[in-house]
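Participant: Quick check, what structure comes out for this input:
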Amino acid sequence: DLHHGVAHGNLSLLRKNCVFSSKSLDRLLQPVFIIGSINRKLPSAMIANSGEYRKKNGQRGCVMMNNFIFENKTKVYFGKGGVKECLGGLLANFGETVMLAYGGGSIKCNGVYDEIMGILNAQGKCVVEFSGIMSNPTYAKVQDGAKLARGNHVDLILAVGGGSVSDCCKVTSAQAKLDEDIWEIQYTKHTLPTKFIPLGTIVTVFGTGSEMNNGAVITHEEKKIKGALWGAQAEFAFLDPAYSLSVPMQQVISGAFDTLSHAMETYFGKPDENNLSDDINEAVMRSVIRNIRILLTDPENYDARSELAQASAMAENGVLKIGKVTDFQAHQIEHQLGAYTNCNHGAGLAVIHPVLYRHIYKSGAARFARFAQNVWASHPRAVTGKPPPVSARWPRSSRRLSCRLPLPSLAFPPTPTSEPSRIPPTSLLATARS
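Facilitator: This next block holds a predicted model:
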């Protein structure tokens, strides 16, 4: 199938069993192999500043951390019972009308909906419901939400769910305050919105880290593009790991791999030497790997879920990106795959990362050796007079972890949303977090 073939580089298997025609498949996978071939011939943008590359090109000295200004406006309420304890007090800071946004309705089955509605009613709020937000939110859904918010003069949007609900509401918040089309404003006029309906989030599925930034990933079905839009950032976010106990395990693990992907994409940015951001990043990645393995044997482990919830926020709250420049290559590829197949985001990343890194690791041997040793505990042997070779153990470890994950889209062909006709230009693939 498609995922198995990409993961193992088996093009004959892809062309034999894929739901697409051979010609369409080649177009679909073009970014994968273009990026791979570029990195085999030229220094990757991710590793061009590595010490070995600079030495070969007569450059001396270390790359200093880039200058930065850091601020994160989102106030986080972490832990069990936070919504019950603190949400009511927060609601007093906003107007009468609250738009309660959520996905397919699972919150009505696990008690979260009743808990939140009880608090909203106790505070005398007028509640407008915006439901049915899909796992890969569409631009049409954003427009539906904006129309609903404008028509009801919404004072606060309360997004309850995972990253998809949060992403949709971020852009909805901005679009509701605009007379123009937000996609055209950002992609054609290259300007960003400045006015928003206030946004708060209650996270029930962890992985995207969407609750602590203003980036969103939206699928424009007419244009067949899945890419970034920038909207509101949440004023507050509730992270209660207990809410994730009712989430299907495959969704939990998919989110955890998304967190790992965010960390890896940032880690392989530059500068790649002697910076605190990468030291913290390594700890986050080790934590994610360790706690994924715990949940695979003990799905109800609250401590492991807590660690994954915190790691998710850490990977996308800006801390790991301080002083870094990143390009999020694997995400750009997955977004295109998702635009045509509607595949699960975390599952798509779990397939793409190993094959992409097998393509490029020789161009950044020193960096990948550090990754292997410090994150995967794979210790390459030193060779006198030469940089230590990259151990083959880390891609095997990564592949074993991916293969153990209960992600059905790794085992079955995705359902195409339409026959692919073209791959949008790379310039349209935004470097978003999800």
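
Participant: State whether G200 is indeed within a strand.
Facilitator: Yes: when DSSP: H, G, I helix; E, B strand; the rest coil is applied, G200 is found to be in a strand.

Participant: which secondary structure elements does the helix or strand where R370 lies contact?
Facilitator: Secondary structure from DSSP states H and E places R370 in helix 365-374. Under the contact criterion of 3 or more C-beta pairs under 8 Å, 6 or more residues apart in numbering; DSSP states H and E, helix 365-374 touches helix 51-56, helix 393-404. (Glycine included, C-beta is placed from N, CA and C.)

Participant: which is the next helix or strand following the first one?
Facilitator: Toward the C-terminus, helix 51-56 is succeeded by strand 75-78 as the next helix or strand (DSSP H and E).

Participant: tell me which residues in that next one are buried?
Facilitator: Across strand 75-78, burial judged by 16 or more other C-beta atoms under 10 Å covers 76-77.

Participant: List of residues touching that strand?
Facilitator: Strand 75-78 is contacted by residues 83, 86, 211-212, 235-240, 309-310, 313 when judged by C-beta atoms under 8 Å, 6 or more residues apart in numbering.

Participant: quick one on the thing from earlier: in CSV, list the C-alpha atoms belonging to the helix holding R370.
Facilitator: The C-alpha trace of helix 365-374 is given here as CSV (Å, rounded to 0.1, in the frame of the first residue of the first chain):
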residue,chain,number,x,y,z
ALA,A,365,26.5,12.9,9.6
ALA,A,366,27.7,14.7,12.7
ARG,A,367,24.2,16.0,13.5
PHE,A,368,22.5,12.7,13.0
ALA,A,369,25.2,11.0,15.1
ARG,A,370,24.3,13.3,18.0
PHE,A,371,20.6,12.6,17.4
ALA,A,372,21.3,8.8,17.4
GLN,A,373,23.3,9.0,20.6
ASN,A,374,21.5,11.6,22.7
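
Participant: in it, what counts as buried?
Facilitator: 365-374.

Participant: how far does it sit from the chain's center?
Facilitator: Counting by C-alpha atoms, centre = their mean, to the nearest Å, helix 365-374 is centred 23 Å from the centre of its parent chain.

Participant: cool, and stretch 87-98?
Facilitator: In terms of C-alpha atoms, centre = their mean, the centre of stretch 87-98 is set 29 Å apart from its chain centre.

Participant: and if you look at stretch 153-169?
Facilitator: Distance, stretch centre to chain centre, for stretch 153-169: 17 Å (C-alpha atoms, centre = their mean).

Participant: Just the strands from this structure, written as ranges.
Facilitator: For the chain, the strands defined by DSSP state E occupy 75-78, 97-101, 126-130, 156-161, 199-203, 215-220, 225-230, 236-239.

Participant: Name every strand pairing with the fifth one and say which way it goes.
Facilitator: Next to strand 199-203 in the sheet, as set by DSSP bridges, lie strand 156-161 (parallel), strand 236-239 (parallel).

Participant: Residues in contact with the shortest one: which ones?
Facilitator: If I follow you right, that is strand 236-239. Contact partners of strand 236-239, identified using C-beta under 8 Å, 6+ apart, comprise 74-79, 82-83, 86-87, 90, 200-203, 206, 211-212, 309-310, 313.

Participant: Turn the contacts of strand 75-78 into CSV, including pLDDT, neighbour count and distance to G95.
Facilitator: Output for these, formatted as CSV (pLDDT from 0 to 100; neighbours: other C-beta atoms under 10 Å; distance: C-beta to C-beta, whole Å):
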residue, pLDDT, neighbour count, distance to G95
V83, 98, 19, 20
C86, 98, 15, 19
E211, 96, 28, 22
M212, 95, 26, 24
E235, 97, 17, 13
F236, 98, 20, 15
A237, 98, 24, 20
F238, 98, 28, 20
L239, 97, 23, 25
D240, 97, 22, 25
A309, 97, 27, 30
Q310, 97, 19, 32
A313, 96, 24, 27
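
Participant: Out of those residues, the closest to D144 would be?
Facilitator: E211 (21.9 Å; C-beta to C-beta).

Participant: unless I'm mixing things up, K324 is touching D272, no?
Facilitator: No: the criterion here is C-beta atoms under 8 Å, and K324 misses it with D272 at 9.1 Å.

Participant: Show me the common contact partners of those two, please.
Facilitator: Contact criterion C-beta under 8 Å, 6+ apart; residues shared by K324 and D272: D278.

Participant: Mind checking the strands of the chain for the one nearest to V112?
Facilitator: Nearest of the strands of the chain to V112, taken as C-beta to C-beta: strand 156-161 at 6.6 Å.

Participant: Contacts for the closest one, please.
Facilitator: 91, 94-95, 97-103, 107, 112-113, 116, 120, 130, 133, 149, 165-166, 168-169, 172-173, 197-205, 232, 234.

Participant: of those, buried ones?
Facilitator: 91, 94, 97-103, 107, 112-113, 116, 120, 130, 133, 149, 165-166, 168-169, 172-173, 197-205, 232, 234.

Participant: Confidence-wise, which of the helices and strands packed on helix 365-374 is weakest overall?
Facilitator: Mean pLDDT values for the helices and strands packed on helix 365-374 show the minimum at helix 51-56, a mean of 41.

Participant: Tell me if I'm right that K170 and Q233 touch.
Facilitator: Yes: counting by C-beta under 8 Å, K170 touches Q233, with 7.3 Å between them.

Participant: ok, those two, which is more surrounded?
Facilitator: Neighbour comparison, K170 and Q233: the larger count goes to K170, with 30 against 20 (by other C-beta atoms under 10 Å).
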